[in-house]
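Participant: coordinates only, sequence not included:
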């Protein structure tokens, strides 16, 4: 019963985040490195079972989905032979990607004004170069 309740809370949080994001005119809750760092902190908070507000939970869940999509896209790119900017190991998880990206952001704090998607690809390229 608790799992169903938690899933319901996540769905509500996601729908609220989607409304907030649409009204803000953005397609992601993290546009730059600073906002991405904040989303990773919320994601880590969620992993540690620390309470999040519905908005914080939705940002954490959004990041999890985003990272999961990166993993799926990496698998598809390998199968379709598209040129890759990074090569993830087969057993990579969103949690691992979050840690890699978080470390990159901390090590490159001078780049936080850049677009979040650029920083994510750069972090993954540095950690998992194409061989």
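Facilitator: That came through, no problem. It should be emphasised that the depicted structure is a prediction, and the values quoted were computed from it without experimental measurement.
Participant: so what's residue 45 up against?
Facilitator: Shown in contact with residue 45 (Cβ atoms under 8 Å, 6 or more residues apart in numbering): 52, 56, 60. In short, each C-beta sits where N, CA and C put it, glycine included.
Participant: let me know the closest of these to residue 105.
Facilitator: Proximity of these to residue 105 (Cβ to Cβ) peaks at residue 60, which lies at 16.0 Å.
Participant: where's the closest one relative to residue 48, distance?
Facilitator: According to Cβ to Cβ, to the nearest Å, residue 60 and residue 48 sit 11 Å apart.
Participant: the more surrounded of those two?
Facilitator: residue 60 (25 against 7; other Cβ atoms under 10 Å).
Participant: show me where this structure has its strands.
Facilitator: Along the chain, no segments are classed as strands by DSSP state E.
Participant: show me where it has helices.
Facilitator: Ranges of helices within the chain are 2-24, 33-47, 54-80, 94-107, 116-127, based on DSSP state H.
Participant: mean pLDDT lowest for which of these?
Facilitator: The minimum mean pLDDT among the helices of the chain belongs to helix 2-24 (a mean of 48).
Participant: count the neighbours of residue 93 for me.
Facilitator: Residue 93: 13 neighbours (other Cβ under 10 Å).
Participant: now it: closest residue in space, sequence neighbours ignored.
Facilitator: residue 71 (7.7 Å; Cβ to Cβ, 6 or more residues apart in numbering).
Participant: that neighbour touches residue 86, doesn't it?
Facilitator: No. Residue 71 is beyond contact range of residue 86, at 10.9 Å (criterion: Cβ atoms under 8 Å).
Participant: common neighbours of those two, please.
Facilitator: Joint contacts of residue 71 and residue 86 (Cβ under 8 Å, 6+ apart) do not exist.
Participant: check contacts around residue 70.
Facilitator: Applying Cβ under 8 Å, 6+ apart, the residues contacting residue 70 are 88, 97, 120, 124.
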